[in-house]
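give the three-dimensional model of this entry:
(chains A and B)
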Amino acid sequence: MSSELPDEETLWRERASRGDIAALGQIYDAYAERVYRYLYHRLGNVSLAEDLTADVFLRMLESSGSARFCQVSLAPWLYSLAHNRLVDYFRRHKELPLPEEEDEPTNDFLATELDRWELRTALRRLTPEQQQVIALKFLEGLSNAQVAVALGKPESAIKALQHRALASLRRLLEER
Amino acid sequence: MPPTFADVLDEALARWQAGESPEEILSHYPQQATALAPLLQMAQRLVPLQATKPPSPGALAAGRKRFLDSAFQRRYTALPARLKELGQVYRGSITILIRAHPLATIVAALILILITVSGGAMAASGGSLPDSPLYPVKLATEQIQIVLTFDPTAQEQLRLHFTERRQFEAQEMERRRQATTVAPPLTPLRTQTPTVAQPASPLATPTPSRTKEPEPTPRPSKTPEPQHTARPSRTPELDTPEPEHTPRPTRTEKPEHTPLLTRTPESERTPTPTRTPEAEHTPEPSRTPEPEHTPMPTRTPEPEHTPGPTRTPEPDDTPESEHS
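Down below sits the predicted model:
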């Protein structure tokens, strides 16, 4: 993601760090949907994902004056903020929210939604780093290098985390 | 270095994401196929989670507005808040300093007060004179200035400047002394005159001896007039009460003057004071009585007796003539 707008992003960060409202608006427009998608993939609930998306950007605003804001790439940083917001949510709510009902739900829909709900529930039981690797690589489609930047780890560590995460998730789903 | 199983799994997943089927992938890794198969299935099971329901149309727009409103508020409220924080930090640091090092704080405060007071004293001593309590401060400041001037030329100029300053101070002191010494004698003079006037008759006998004293003042010939004028100036004062006894008062006046003159050795050191009072006195009374007196001396034949030189010995002669 960050490779798409490297120069623009640098300008946005610099201006936003000085409280430039227009630059902050541009950052929101560029990343809001991606953050929402990440949250929706993990939660499976539209309204909740929308609320948490707004919270993620407010958290970004609180940190926009910090030195780190001008140093890191925005996309990985926003993903990490979104992950932390999820962790806070899961700390307060033991169960995942139920998926929104369809007007006329079919059996296939229910089966699929149940499978998704089980998958998301199993994902919650992984370690935070394993959850991030699964979400960023298999749900968001990032490369190993991008995930490594997001987590601040070498690619070899991301490969090892990927292996352990898939093995743990399979075991958790077999146990159910 | 042989690849780890994590590396093999990552290659297999890359092949799967590229579109290869699981069977094709496992055929590439026959030794790890049994371990790879369930993990590839697990990865395939995650695919349905990639499906996304789009957010409601107004939701992200509402979130954007909320985000930018907060940014606007932060921008225009951040400065006062930061200033308040700074103020708290400043107050807090002073409190911490006082609590941590009370003695050091007191010493620092005393040094500050000392510097302020000594600076004020140095400034105030600038125009002081030797009789001022700040004069030593002035001298000390000058010495410090000299010591702190390393350029020999500048130092010499400074010394010269201070020497001129000493001269000025001496003149100023002298001027003050005159102002204080001249004024008082005028009043004692009047108070003394009556007391001297009474013993004037008994003193008549010793007068010759005193008259001799003025004799060395044949210099009166040089400056007779001012002395003469001075004497008459006082004579009128004495004459006015006793106008008839004009000769006597002139004698009594002489002893009165002589004591003054005997004092004037002091005043001779500073001749100006003696002249100035006389000169000041002389104009006022001398003008008025002189016309009255002038006829008197004219009557006296003495000038006639000794026509030429009479003028100078006049005062001396007249008493002598009377005595004789």
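
quick one, what contacts A:Arg91?
By Cβ atoms under 8 Å, 6 or more residues apart in numbering or on different chains, no residues touch A:Arg91. Backbone N, C-alpha and C define where each C-beta goes, glycine included.

ok, now how distant is it from chain B?
Distance, A:Arg91 to chain B, by Cβ to the nearest Cβ, to the nearest Å: 22 Å.

for the biggest helix by length in chain A, packing partners?
Once chain A is assigned using DSSP state H, the helix that runs over the most residues is helix A:21-43. On a contact count with 3 or more Cβ pairs under 8 Å, 6 or more residues apart in numbering or on different chains; DSSP states H and E, helix A:21-43 meets helix A:6-17, helix A:46-63, helix A:74-92, helix A:107-124, helix B:57-100.

mean confidence score for the helix or strand where B:Gln145 lies?
Element membership for B:Gln145, per DSSP states H and E: helix B:135-148. In this model, helix B:135-148 has a mean pLDDT of 85.

got the CA positions of it in CSV?
The C-alpha trace of helix B:135-148 is given here as CSV (Å, rounded to 0.1, in the frame of the first residue of the first chain):
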residue,chain,number,x,y,z
TYR,B,135,33.3,57.5,49.0
PRO,B,136,35.3,54.4,49.9
VAL,B,137,33.1,52.4,47.5
LYS,B,138,33.9,54.9,44.8
LEU,B,139,37.6,54.6,45.4
ALA,B,140,37.4,50.8,45.5
THR,B,141,35.4,50.8,42.2
GLU,B,142,38.1,52.9,40.6
GLN,B,143,40.8,50.6,41.8
ILE,B,144,38.9,47.6,40.4
GLN,B,145,38.5,49.4,37.1
ILE,B,146,42.3,50.0,37.0
VAL,B,147,43.1,46.4,37.9
LEU,B,148,40.7,45.1,35.3
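
in it, what counts as buried?
Judged by neighbour count (16 or more other Cβ atoms under 10 Å in any protein chain shown), helix B:135-148 contains these buried residues: B:Val137, B:Lys138, B:Thr141, B:Glu142.

could you point out which of those is nearest to chain A?
Using Cβ to the nearest Cβ, B:Thr141 comes nearest to chain A of the buried residues of helix B:135-148, at 53.0 Å.

the closest residue to that closest one other than its chain neighbours is in what secondary structure piece?
Residue nearest to B:Thr141 in three dimensions, not counting chain neighbours: B:Met122, with 5.2 Å by Cβ to Cβ, 6 or more residues apart in numbering or on different chains. Taking DSSP H and E as the criterion, B:Met122 maps to helix B:102-124.

can you list the helices and strands that that helix packs against?
Packed next to helix B:102-124, using 3+ Cβ pairs under 8 Å, 6+ apart, are helix B:135-148.

helices and strands around the helix it packs on, which ones?
helix B:102-124, helix B:152-197.

what sits against B:Arg75?
Contacts for B:Arg75 were tallied using Cβ under 8 Å, 6+ apart; they are A:Gly19, A:Ile21.

about what we covered before: quick check: which of the helices and strands packed on helix A:21-43 is nearest to B:Leu39?
For B:Leu39, the closest of these is helix A:107-124, at 14.6 Å, according to Cβ to Cβ.

thank you, goodbye.
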